[in-house]
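I would like to see how this sequence folds:
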Amino acid sequence: MIQIKLHRSKSGIKRSFFADFGIYLFLLLFGIFMMLPLVYAISNSIKPLEEIWFFPPRFLVNNPTLDNFRDLLAVMSDSWVPFSRYIFNTVFITAVGTAGHVVIASLCAYVLSKHKFPGKGIMFSTVVLSLMFSGVVTQIPNFIIISSLGWIDSYQSIIVPAFASSLGLYLMKQFMDQMIPDAILESARIDGASEWKIFWTIVMPMVKPAWLTLIIFSMQGLWGIGANHFIQSEELKTLNYALSQILAGGIARTGTGSAAAVLMMIVPIIVFIISQSKIIETMSASGMKE
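Reported below is the predicted structural model:
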């Protein structure tokens with residue numbers, strides 16, 4: 001009997017090993033497949049112009065060169081608006097819009113998650129419903145509102161709407177529902193802590209994965225803003241808009257455009273790699289149901 005059990009346990013270990021090996025092999029192949037567009041973009045950015053137009057196209061570069069990046073710097077230096085101005089606009093809009101969105105979404109989510117008041121369910125249902133609307137559908141109402149406020153051709157036209165993104169509110173609210181016990185908040189109130197102190201010293205540290213994820217999503221969205229119908233002044237346009245003008249330069253700037261595309265991808269990719277574990281944790285928690 002002991003020999004039979006040992007034999008069965010060994011066979012079970014073998015099956016488990018091969019099952020795990022198969023899963024990891026599949027994930028490895030799938031990960032490599034997902035990296036192919038990024039590798040292709042980087043390869044294109046260091047290709048000479050003649051290699052870019054090879055037919056059939058080649059996936060990897062044969063004679064790598066940095067001429068595309070040198071041409072990019074030359075083109076941007078010839079612009080009548082300094083290249084540093086585009087960078088400042090992008091960084092300023094991204095930083096202020098992201099910070100404001102995280103604070104406002106967290107405050108609203110805390111109220112919806114941990115307080116009871118009339119209309120709470122309707123409010124959250126409205127937030128969820130708003131996730132179904134594409135940005136294209138709301139462009140005209142947004143333009144009318146921004147125009148009536150006198151914010152056309154200003155930073156506010158991009159930053160203030162970013163504060164009110166419903167996705168951030170939804171993620172924060174769902175995470176607070178699952179990860180913050182009501183007993184902890186009640187204990188803090190009994191000890192005399194104010195709601196403001198509870199929010200900053202208890203709630204925000206406990207939902208750190210959620211607001212880190214929110215920072216990443218908001219930063220990626222604002223960093224990639226290009227041509228915008230709210231901004232007409234060249235001095236207020238973003239880096240993505242400036243680089244998109246290079247892509248419109250025709251065949252001769254194809255390599256320069258590839259270099260510009262890689263530069264725009266670097267920051268979001270680095271931030272995502274650093275914080276990917278927090279994103280996974282937030283997504284798994286926001287989808288839970290009691």
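
helices of the stretch 101-250 of the chain, start to end?
With DSSP state H, counting those that start in this stretch, the ranges of helices along the stretch 101-250 of the chain come out as 120-130, 139-148, 156-163, 166-179, 182-190, 195-198, 204-206, 208-223, 239-247.

of these, which is nearest A41?
Counting by CB to CB, A41 lies closest to helix 239-247 out of the helices of the stretch 101-250 of the chain; the figure is 13.0 Å. Just so you know, the C-beta spots here come from the backbone N, C-alpha and C atoms, and that holds for glycine as well.

may I have the closest one exported as CSV, CA atoms only?
Output of helix 239-247 as CSV, limited to C-alpha atoms (Å, rounded to 0.1, in the frame of the first residue of the first chain):
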residue,chain,number,x,y,z
LEU,A,239,5.1,67.4,-27.2
ASN,A,240,3.0,64.8,-28.9
TYR,A,241,1.5,67.4,-31.2
ALA,A,242,4.9,68.7,-32.1
LEU,A,243,6.2,65.2,-32.9
SER,A,244,3.0,64.5,-34.9
GLN,A,245,3.9,67.4,-37.2
ILE,A,246,7.1,65.6,-38.0
LEU,A,247,5.2,62.5,-39.1
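
list the buried residues of that helix.
By neighbour count on 16 or more other CB atoms under 10 Å, the buried set for helix 239-247 is 239-246.

stretch 153-168 now?
154-155, 157-163, 165-168.

L28: which of those is nearest?
L167 (31.0 Å).

any low-confidence regions in the stretch 151-290 of the chain?
Residues of the stretch 151-290 of the chain meeting the criterion pLDDT under 70: 226-228, 247-253, 275-290.

surely M206 and I180 touch.
Yes - with contact defined as CB atoms under 8 Å, M206 counts as touching I180 (5.5 Å).

what would the buried residues of helix 239-247 look like in a markdown table with distance to V39?
Below are those laid out as a markdown table (distance: CB to CB, whole Å):
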| residue | distance to V39 |
| --- | --- |
| L239 | 24 |
| N240 | 22 |
| Y241 | 27 |
| A242 | 26 |
| L243 | 20 |
| S244 | 23 |
| Q245 | 26 |
| I246 | 22 |
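
among these, which one lies nearest to N89?
L239 (7.2 Å).

before we move on, back to that, can you check which of the helices of the stretch 101-250 of the chain gets nearest to M35?
helix 208-223 (18.0 Å).

what about the residue most central in space within the chain, distance to V111?
Nearest to the geometric centre of the chain sits F217, at 2.6 Å (CA atoms, centre = their mean). In this view, F217 and V111 are 21 Å apart by CB to CB, to the nearest Å.

next: I32.
45 Å.

same check, this time on V96
Taken as CB to CB, the span from V96 to V111 is 23 Å.
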